[in-house]
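**Student:** coords please:
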Amino acid sequence: MSTTPSAPVHGNAHGSRDYALVTAAYWVFTLSDGALRTLVLLHLSDLGYAPLAIAGMFAAYEALGVLTNLAGGWLGARHGLKLPLGLGMALQAATLLALGGAASTLPLALLVAGQGACGMAKDLVKTSAKSYVKLVVPEHEGSRLMRLVSLLTGSKNALKGVGFLLGGVLLGSIGFANTCYALGSALVVAGAVALAFLPPRPGQRAGSRVRELLSKDARLNWLAAARLFLFAARDVWFVLAVPVFLRVELGWSLAEVSGFLAAWTIGYGIVQAFAPRWIGREPDARRLIAAGLALVVPLVLVALFLDRGVAPGPVLVVGLSLFGLVFAANSALHSFLVVRYATRERVALDVGFYYASNALGRLVGTVASGWIYQSAGAGDGGPTAGVVRCVLAAALLAALAFAFGLPLRRAERARLT
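**Tutor:** Residues are numbered from 1 along each chain as shown. You can find the predicted model right below:
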């Protein structure tokens, strides 16, 4: 069957407007997603749930994200990027409203199902938004592509940090149910506006088949493998271990914990948004290898200082802030390279495949975070044993992400010859 790619968005007089609509919808979604993450984490921690039980709920969020990225890429290629965007916004809104309605009892089954639904929603929206960048920028404008990818990804992460703070503040002020209702209503409005004004089928590629989901480009495969371990390295400490440690062992308030998570993510997003100024406008795998190696250093130092009994609060704040700075460079490079490697005709499929590995990495990090932290707490290693082991696990995973950058560079060179 012949394939006919959709017309590039940059050839459309409304291309910039449409991209702005997609970006705005992605921003509103990201605020709700960050707020919900803090909302559930801190609410369940205060109710006395064990770390592994909380990690299990977030695992549903990540596990369904693996399949949803693949499905979202196929849906976007087959039916246009508008369909997965609308499905994701609607699913997130429905989940928040359902959680708000059941807030008085909040059964465990609903929480697990809700986290799974939110994981699906996030990856549907993300695949649509990030694929759209490729349609806006002509093939030869690599520096502009880097700017737009960095701006989209950096602003998204900064807003997710605002969402972390928003979740903690709203939980403490208006309660769980009202927060869910407010976030769900905002999503309904943002989704309706975007869907009303976007063209019917941007990014559609006639004849896309399920068997085309997996990439045949070695560069994308190696990049996806590196991405898996990169995000596992972040989430093995960030998702559960550090927030629970700060709340339970150091006695930080809800506002302090959510504020730290927010500041880390906002700072990371800002650095990412300005990445072209300090990592180059058209970087390649060589920059990724250097950034990957640098990521291991702050993690090893944090684990070393904590193990020697240095005050854990300042060590975590300073050390993991340095980690966030280097992680932002890694993430910006990854986000640019996947869009650069993707072909215009397969952009939704390639981006969906790549972000499926991202979700798998988050799943590995989430489950490992709960298991390592809880198992360390069962021993006699002291109050910092769990967080030290999680940070060491992050260092190992970051080293693996660096290692996969080496064959990526070889595949990149082979493509040029």
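**Student:** now the stretch 151-300 of the chain, which segments are flagged as low pLDDT?
**Tutor:** Residues of the stretch 151-300 of the chain that meet the criterion pLDDT under 70 lie in 200-215, 280-281.
**Student:** Okay, helices next: where are they in it?
**Tutor:** Assigned by DSSP state H, counting those that start in this stretch, the stretch 151-300 of the chain shows helices spanning 175-197, 218-238, 241-244, 254-273, 276-279, 285-307.
**Student:** Residue 73: neighbour count?
**Tutor:** If you count neighbours by other CB atoms under 10 Å, residue 73 ends up with 30. Every residue, glycine included, has its C-beta placed from N, CA and C.
**Student:** Could you do residue 99 as well?
**Tutor:** Counted with other CB under 10 Å, residue 99 comes out at 27.
**Student:** Over to residue 409?
**Tutor:** 16.
**Student:** who touches it in this structure?
**Tutor:** Going by CB atoms under 8 Å, 6 or more residues apart in numbering, residue 409 touches 284-286, 288-289.
**Student:** cutoff 7 Å now
**Tutor:** If a contact means CB atoms under 7 Å, 6 or more residues apart in numbering, then residue 409 has 285-286, 289 as its contacts.
**Student:** so the helix or strand where residue 358 lies versus helix 218-238, what angle?
**Tutor:** Using DSSP states H and E, residue 358 sits within helix 347-377. Calculated by axes from the mean of the first three to the mean of the last three CA atoms, to 10 degrees, helix 347-377 forms an angle of 30 degrees with helix 218-238.
**Student:** circling back: can you lay out the helices of the stretch 151-300 of the chain as a markdown table showing distance to residue 65 and mean neighbour count?
**Tutor:** A markdown table is the format used below for the helices of the stretch 151-300 of the chain (distance: least, CB to CB, whole Å; neighbours: other CB atoms under 10 Å):
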| stretch | distance to residue 65 | mean neighbour count |
| --- | --- | --- |
| helix 175-197 | 18 | 18 |
| helix 218-238 | 11 | 25 |
| helix 241-244 | 20 | 26 |
| helix 254-273 | 18 | 21 |
| helix 276-279 | 27 | 15 |
| helix 285-307 | 23 | 20 |
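**Student:** who wins for proximity to residue 368 among the ones you listed?
**Tutor:** helix 218-238 (4.9 Å; CB to CB).
**Student:** gap between the closest one and the chain center?
**Tutor:** 11 Å (CA atoms, centre = their mean, to the nearest Å).
**Student:** next one: stretch 391-406
**Tutor:** The answer for stretch 391-406 is 18 Å, by CA atoms, centre = their mean.
**Student:** Please identify the buried residues of it?
**Tutor:** 391-395, 397-402, 404-405 (16 or more other CB atoms under 10 Å).
**Student:** now do stretch 327-336
**Tutor:** 327-336.
**Student:** Need the max-distance pair from these.
**Tutor:** Farthest pair in these, by CB to CB: 327 and 336, 15.0 Å.
**Student:** before we move on, the earlier item: sitting in strands, which of the buried residues of stretch 391-406 do you find?
**Tutor:** Per DSSP state E, strands hold no members of the buried residues of stretch 391-406.
**Student:** quick revisit: just the contacts of residue 409 now: which is nearest residue 185?
**Tutor:** residue 285 (43.9 Å).
**Student:** check which helix or strand covers the residue nearest to the closest one when sequence neighbours are not counted.
**Tutor:** Spatial nearest neighbour of residue 285, excluding adjacent residues (CB to CB, 6 or more residues apart in numbering): residue 409 at 4.1 Å. Using DSSP H and E, residue 409 sits in helix 385-416.
**Student:** Please state the mean pLDDT value computed over that helix.
**Tutor:** If you average the pLDDT over helix 385-416, you get 92.
**Student:** now it, how far from the chain's geometric center?
**Tutor:** Distance, centroid of helix 385-416 to centroid of chain: 17 Å (CA atoms, centre = their mean).
**Student:** Adjust the sequence numbering to begin at 14 for everything that follows.
**Tutor:** Sure, I'll start numbering at 14, so the last one becomes helix 398-429.
**Student:** tilt between that helix and helix 298-320?
**Tutor:** Orientation of helix 398-429 against helix 298-320 (the same axes, to 10 degrees) gives an angle of 170 degrees.
**Student:** Residue 159: what secondary structure?
**Tutor:** Residue 159 falls in the helix class when you classify it by DSSP: H, G, I helix; E, B strand; the rest coil.
**Student:** Roughly how far does residue 29 sit from residue 35?
**Tutor:** 11 Å (CB to CB, to the nearest Å).
**Student:** Next: residue 305.
**Tutor:** In terms of CB to CB, residue 305 sits 30 Å off from residue 35.
**Student:** Correct me if wrong: residue 254 contacts residue 403.
**Tutor:** Yes. Using CB atoms under 7 Å, residue 254 is in contact with residue 403, at 3.9 Å.
**Student:** What is the three-state secondary structure of the spatially closest residue to residue 284 that is not a sequence neighbour?
**Tutor:** Leaving aside its chain neighbours, residue 284 sits nearest to residue 341 (3.9 Å; criterion: CB to CB, 6+ apart). Judged by three-state DSSP, the three-state class of residue 341 is helix.
**Student:** Now do the contacts for residue 341.
**Tutor:** Counting by CB under 7 Å, 6+ apart, residue 341 makes contact with 281, 284-285.
**Student:** What residues does the residue lying closest to residue 243 once chain neighbours are set aside make contact with?
**Tutor:** Among residues not flanking residue 243 along the chain, residue 414 sits closest, at 4.1 Å (CB to CB, 6+ apart). Residue 414 is in contact with 239, 242-243, 246, 305, counting by CB under 7 Å, 6+ apart.
**Student:** go with 8 Å
**Tutor:** Here residue 414 is in contact with 239-243, 246, 305, 308, 343 (criterion: CB under 8 Å, 6+ apart).
**Student:** returning to that earlier point: state the pLDDT value of the residue nearest to residue 284.
**Tutor:** Per-residue pLDDT puts residue 341 at 89.
**Student:** Next one: it from residue 278, what distance?
**Tutor:** 10 Å.
**Student:** what sits in contact with each of those two?
**Tutor:** With CB under 8 Å, 6+ apart, residue 341 and residue 278 have common neighbours residue 170.
**Student:** so where's the stretch 14-163 of the chain uncertain?
**Tutor:** Ranges of the stretch 14-163 of the chain meeting pLDDT under 70: 14-28, 73, 152.
**Student:** Which residue ranges of it form strands?
**Tutor:** Counting by DSSP state E, counting those that start in this stretch, one finds no strands in the stretch 14-163 of the chain.
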